[in-house]
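> Have a look at this prediction, sequence included:
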Amino acid sequence: MHAPLKSYITHNIRCRVMALLAASLATQSWAGIGVLPLGFGADSNAMAGTDMAFSSDPLSINNNTAGIAKSKSAQFSTVIEGFAMNGIRHADSLGNDERSRNDRALLVSGAWSTPLANHPAITIGLGLFAQGGVGYEYKNLNTAFGNSDDLTALFGVFRLAPAVAWNISDKFRLGFSGSINYSEAEQEIFPNTSDASSGFPGLDIKNMSGVSYAWRTGLQYDINDRLTLGMAYGSDTELVLKDGNAVVNFEAMGLGRVKYTSAKIDGLSLPSELGIGLAWKITPKLSLGADLNWYRWSKALGKVTTQLSGAQTNGAPDTIIINSDFGGQDQFSSSVGSKYQINDRTQFLAGVNHVGNVIKHGNESPLNNLIAKWHLSAGLNHELDQHWKTSLIANYVTKLNRQYTNTQLPLGSVAQETFSTYSIAIGVSYKW
């Protein structure tokens with residue numbers, strides 16, 4: 001390839017590949033805070049993530065790890081949650097008005113904990129969690145080049161977390177967990193499109209994955225018999241996305257579809273977070289609580305580098321490196337939750353959660369739809385006997401539209417993203 005043409009193509013890939021980067025970490029395909037689930041465990045989920053001072057079951061490992069020290073016996077908990085994403089849509093001035101076709105998801109998390117027989121003040125635990133992800137699939141979108149093509153992003157993070165908690169006294173509990181995190185991603189950015197005049201090449205990246213490590217720590221303090229304070233901190237979780245392969249559509253430039261044997265993305269992460277909350281037992285039957293959580297999205301969605309290398313076609317750019325900034329901004333989420341004991345075996349829970357803007361206005365796209373705000377949750381716990389407890393929870397993210405000027409994808413310049421989801425979760429726990 002002549003040097004000017006090679007430089008032209010490389011430059012335009014850098015300008016256009018922002019869409020690919022956005023696909024790597026977009027709004028998850030279930031209700032939550034950015035790409036993070038709303039909560040872990042039946043009670044946390046039913047109270048819209050209000051869990052800093054309430055955490056107590058084994059799934060607390062991923063909320064406030066200190067909570068597992070509350071139990072005096074071994075426990076196991078699991079939550080199965082099904083999501084419907086019928087309210088995720090993209091519309092623009094090219095006539096597109098499409099719903100994401102990947103509109104169903106099923107998530108399963110489970111955890112176990114037990115006090116040590118010889119040291120009952122120490123509790124250990126192990127949890128497996130669906131930690132975050134995205135699943136968007138738009139078929140046959142009208143593009144600015146006069147054709148129709150596909151836009152998809154499939155992304156997931158899974159966590160295995162051993163934990164330990166310590167009852168320092170009857171009132172004070174500390175907890176710590178480390179975690180092994182596996183992430184994977186695939187994206188299609190108009191793979192059947194190639195335009196010589198603008199230098200746009202369609203992209204198809206597959207099989208990126210990797211392992212990283214993170215940690216959480218937390219405390220709970222019973223101020224008195226009715227009031228409990230909870231605090232927790234979670235480190236950022238690097239998303240290792242490497243060892244993938246890619247196909248870049250250079251057909252309009254006379255090179256055909258060029259395969260790259262190596263594809264990786266550096267710089268993305270799940271955010272570090274700091275939370276504080278209170279739980280107040282107003283009466284023997286009624287408890288209220290509130291949480292305030294801070295998320296460091298400016299780093300998690302900050303400067304990102306995508307690199308493709310190992311071109312299998314002579315004359316194609318050997319290596320493509322793209323540096324971008326997602327425009328993430330640090331944000332708070334706030335929630336309130338309640339528990340009411342209907343009778344000896346049945347408990348009603350409810351909560352409301354509000355999330356700030358995760359990214360700056362102007363960074364939206366169909367695959368960067370981080371606009372969820374209000375989350376409404378409610379649930380029931382029912383004890384079947386002294387060992388078994390079941391839970392049924394419903395969550396709803398209220399509908400929100402955001403209009404913006406599209407600068408990231410070859411779609412209409414005037415665009416609108418819509419977001420709303422709902423889910424039903426079933427929880428089962430067993431206490432020895």
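Arrived safely.
> need the contact list for residue 285.
340, 341 (CB atoms under 8 Å, 6 or more residues apart in numbering). (C-beta placed from N, C-alpha, C; glycine too.)
> What score does residue 301 have for pLDDT?
Reported pLDDT at residue 301 in the predicted model: 83.
> What is the neighbour count of it?
Look at residue 301: counted by other CB atoms under 10 Å, it has 29 neighbours.
> Would you mind naming the residues that bridge with residue 382?
According to DSSP bridges, the partner residues bridging residue 382 are residue 346, residue 390.
> measure it to residue 303 for me?
Here residue 382 is placed at a distance of 49 Å from residue 303 (CB to CB, to the nearest Å).
> Likewise for residue 267?
6 Å.
> do residue 198 as well
Distance of residue 198 to residue 303, given as CB to CB: 25 Å.
> Tell me which residues touch residue 72, please.
Counted by CB under 8 Å, 6+ apart, residue 72 has contacts 115, 120.
> Residue 396 too?
The neighbours of residue 396, taking CB under 8 Å, 6+ apart as the test, are 31, 375, 376, 377, 420, 421, 422.
> As TSV, the residues you listed with distance to residue 396 would be great.
Rendered in TSV, the data for these read as follows (distance: CB to CB, whole Å):
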residue	distance to residue 396
31	7
375	7
376	5
377	8
420	8
421	8
422	5
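> Give me the buried entries from those residues.
Burial by neighbour count, 16 or more other CB atoms under 10 Å: within these this picks out 31, 375, 376, 377, 420, 421, 422.
> Out of these, which sit inside strands?
Among the buried ones among the contacts of residue 396, the ones falling in strands (DSSP state E) are 375, 376, 377, 420, 421, 422.
> Now flag whichever of these is closest to residue 341.
Within the set of these, residue 377 lies nearest residue 341; the separation is 18.1 Å, counting by CB to CB.
> Can you tell me how far the closest one is from residue 286?
Distance from residue 377 to residue 286, counting by CB to CB: 17 Å.
> Okay, now the unreliable bits of the protein?
Judged against pLDDT under 70, the low-scoring parts of the chain cover residues 1-34, 134.
> Name all residues that make contact with residue 115.
So, once contact is read as CB under 8 Å, 6+ apart, residue 115 ends up touching 71, 72, 73, 74, 121, 122, 123.
> Correction: the previous question concerned residue 38.
For residue 38, the contacting residues are 31, 32, 44, 45, 48, 49, 353, 375, 377, 395, by CB under 8 Å, 6+ apart.
> Turn these into TSV, including distance to residue 61.
Formatted as TSV, the contacts of residue 38 follow (distance: CB to CB, whole Å):
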residue	distance to residue 61
31	21
32	18
44	11
45	15
48	19
49	15
353	20
375	22
377	20
395	21
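> Those residues: which two are farthest apart?
Farthest-apart pair in the contacts of residue 38 is 31 and 44; separation 12.9 Å (CB to CB).
> quick one on the thing from earlier: determine which two of the buried ones among the contacts of residue 396 are furthest apart.
Largest separation among the buried ones among the contacts of residue 396 by CB to CB: 377 and 420, giving 14.4 Å.
> in the stretch 1-150 of the chain, which spans are helices?
In chain order, the stretch 1-150 of the chain shows helices spanning 3-16, 18-24, 42-46, with DSSP state H, counting those that start in this stretch as the criterion.
> For the shortest one, give me every contacting residue.
In this structure, residues lying in contact with helix 42-46 by CB under 8 Å, 6+ apart are 38-39, 50-51, 54-57, 59-60, 63, 77, 79, 81, 337, 339, 349-351, 377-379, 381, 391, 393, 395, 425, 427, 429.
> Now do the nearest residue to residue 49 once chain neighbours are set aside against residue 55, distance only.
Leaving aside its chain neighbours, residue 49 sits nearest to residue 39 (4.0 Å; criterion: CB to CB, 6 or more residues apart in numbering). According to CB to CB, residue 39 and residue 55 sit 10 Å apart.
> joint contacts of those two?
In the contact map built from CB under 8 Å, 6+ apart, the residues linked to both residue 39 and residue 55 are residue 63.
> quick one, what contacts the residue nearest to residue 49?
Listed by CB under 8 Å, 6+ apart, the contact set of residue 39 reads 45, 47, 48, 49, 50, 51, 63.
> quick revisit: of the contacts of residue 115, which belong to strands?
The members of these that map onto strands under DSSP E are 122, 123.
> which of the contacts of residue 115 tops the neighbour count?
Neighbour counts for those, by other CB under 10 Å, peak at residue 123, which reaches 28 neighbours.
> Does that one touch residue 112 like I think?
No - Residue 123 is not in contact with residue 112 according to CB atoms under 8 Å; the separation is 10.8 Å.
> list residues touching both of those two?
Residues touching both residue 123 and residue 112 (CB under 8 Å, 6+ apart): there are none.
> Now do the strands in the stretch 251-400 of the chain.
According to DSSP state E, counting those that start in this stretch, the stretch 251-400 of the chain carries its strands in the segments 256-266, 269-270, 273-281, 286-295, 303-311, 319-325, 331-341, 346-355, 374-383, 388-405.
> show me what contacts the nearest residue to residue 73 once chain neighbours are set aside?
Counting by CB to CB, 6+ apart, residue 432 is the residue found nearest to residue 73 once chain neighbours are left out, at 5.1 Å. Counting by CB under 8 Å, 6+ apart, residue 432 makes contact with 73, 74, 75, 114, 387.
> so what's the fourth one bridging to?
Using DSSP bridges, the bridge partners assigned to residue 114 are residue 124.
> Please tell me how far it sits from residue 71.
The value you get for residue 114 to residue 71, if CB to CB is used, is 8 Å.
> can you list residues touching both of these two?
Residues touching both residue 114 and residue 71 (CB under 8 Å, 6+ apart) are residue 123.
> follow-up on the earlier one: which one of the contacts of residue 39 sits closest to residue 370?
Distances from residue 370 to those, taken by CB to CB, are shortest for residue 49, at 16.6 Å.
> Surely that closest one and residue 335 touch.
Yes - at 5.1 Å, residue 49 counts as touching residue 335 under the criterion of CB under 8 Å.
> Which of these two has more residues huddled nearby?
residue 49 (31 against 28).
> what residues are up against the more buried one?
Taking CB under 8 Å, 6+ apart, one finds 33, 38, 39, 291, 293, 333, 335, 337, 351, 353, 375 in contact with residue 49.
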